[in-house]
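Peer 1: Sharing a model prediction with you, sequence too.
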Amino acid sequence: MLQRYDERNADLRYWVNGRLLHRDEPGISPFDSVVQGGDGVWEGLRLYRGAIFGLGAHLARLRRSATALGFGAIPADEEIIAAIRETLKANEMYDGVHVRLTLTRGRKVTSGMDPRLNNEGPTLIVLAEHKAPVYDTGGLTLITAGVRRPGPDVLDPKIHHNNLLNSILAKIEANAAGADDALMLDQRGFVAETNATHLFAVVNGALVTPTTAACPEGITRQTVLDLAAADAIPAAVRDVSLTEMYTADEVFCTGTMGEIAAVTTIDGRVIGTGQVGELTRRIARRYQEYAAFHGERVLEEQSEPVAG
């Protein structure tokens with residue numbers, strides 16, 4: 001998996017606390033908490049024909065995370081949605097768009113980690129890009145990273161925070177091994193997730209996915225579980241060992257930016273037939289159809305730009 005630069009994003013404008021700035025124009029203070037210590041929370045959103053799938057769930061997770069970190073004056077959902085809408089309009093975006101939503105603790109009066117140095121409210125950043133789903137649908141290769149996911153006694157994964165060094169270190173291992181991404185274990189040795197997505201295994205026609213003891217509560221993950229229940233596909237949420245992943249009939253990962261993507265190799269072991277499995281294809285189609293027609297509308301139909 002390698003994200004690529006899209007020429008359509010050459011002159012995009014991003015939002016910072018009410019200002020729309022060109023992508024090359026700096027808008028974040030060096031005193032901002034996210035610069036000082038990664039002290040921020042974020043969400044990834046996907047725009048399908050003027051609507052954002054799971055917007056309410058994403059904003060609720062953003063609010064929970066900010067509340068857990070003790071942010072003051074968290075913007076109302078309506079204020080955040082208005083900022084998203086204005087950003088999309090400014091960029092004439094309507095479909096096939098990824099939105100990176102960031103809320104930081106705000107600017108400090110002087111450098112330091114102490115939250116008492118913050119004397120103004122949070123910084124809201126909205127970054128929207130033309131971006132297709134980022135994974136190769138033909139099958140991903142994973143390696144197991146040496147770095148592990150921390151538990152809630154170290155850094156609670158229920159906080160969807162901007163300190164992503166744990167994931168970046170795992171991604172560096174995957175890059176060095178020539179893999180697409182890294183599978184990460186929890187502190188007990190059970191599968192947690194990848195450095196960027198949740199994981200599912202298919203065993204005898206049923207879905208198995210790890211608990212969220214050492215990973216965030218995924219919006220796409222939960223949607224897959226809900227769709228499986230609606231389609232009478234058995235699904236279990238439990239501890240999953242690495243061996244179970246090796247020997248599964250199919251494995252796939254889930255995430256807003258990548259949707260549903262098959263995994264065909266883990267640590268040199270070929271998963272199932274080594275091809276994208278039938279249940280993975282079925283769930284991917286089901287998710288794409290569901291997400292495209294069950295989003296919260298943020299733009300009117302006529303906002304779609306005319307093709308040139």
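Peer 2: Yep, that arrived.
Peer 1: all strands of the stretch 51-200 of the chain, in order?
Peer 2: Here the stretch 51-200 of the chain has its strands, by DSSP state E, counting those that start in this stretch, at 51-53, 97-104, 123-130, 140-144, 181-185, 191-194, 198-203.
Peer 1: got JSON lines for those strands, with mean pLDDT too?
Peer 2: Putting these into JSON lines (pLDDT from 0 to 100) gives the following:
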{"stretch": "strand 51-53", "mean pLDDT": "97"}
{"stretch": "strand 97-104", "mean pLDDT": "98"}
{"stretch": "strand 123-130", "mean pLDDT": "98"}
{"stretch": "strand 140-144", "mean pLDDT": "97"}
{"stretch": "strand 181-185", "mean pLDDT": "98"}
{"stretch": "strand 191-194", "mean pLDDT": "98"}
{"stretch": "strand 198-203", "mean pLDDT": "98"}
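Peer 1: Could you identify which of the ones you listed is most buried?
Peer 2: Of all those, strand 191-194 has the most neighbours on average by mean count of other Cβ atoms under 10 Å, namely a mean of 26. Glycine gets a C-beta too; all of them are placed from N, C-alpha and C.
Peer 1: what are the C-alpha coordinates of it, in CSV please?
Peer 2: Extracted in CSV, the C-alpha atoms of strand 191-194 (Å, rounded to 0.1, in the frame of the first residue of the first chain):
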residue,chain,number,x,y,z
VAL,A,191,-3.7,-10.1,17.8
ALA,A,192,-4.8,-6.4,18.3
GLU,A,193,-5.0,-4.9,14.8
THR,A,194,-2.6,-3.6,12.1
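Peer 1: which ones are touching Ile266?
Peer 2: Residues in contact with Ile266 (Cβ atoms under 8 Å, 6 or more residues apart in numbering) are 141-144, 183, 242, 245-246, 251.
Peer 1: the helices in the stretch 51-200 of the chain, which residues?
Peer 2: 55-68, 77-90, 152-155, 165-177 (DSSP state H, counting those that start in this stretch).
Peer 1: what does the third one rub up against?
Peer 2: Right, the one you point to is helix 152-155. The list of residues contacting helix 152-155 from outside it, by Cβ under 8 Å, 6+ apart, reads 158, 161, 163, 166, 213.
Peer 1: just checking, the last one touches Asp186?
Peer 2: Which is Ala213. Yes. Ala213 is within contact range of Asp186, at 6.4 Å (criterion: Cβ atoms under 8 Å).
Peer 1: more crowded one of the two?
Peer 2: Taking other Cβ atoms under 10 Å, Ala213 and Asp186 do not tie; Asp186 has more neighbours (20 against 16).
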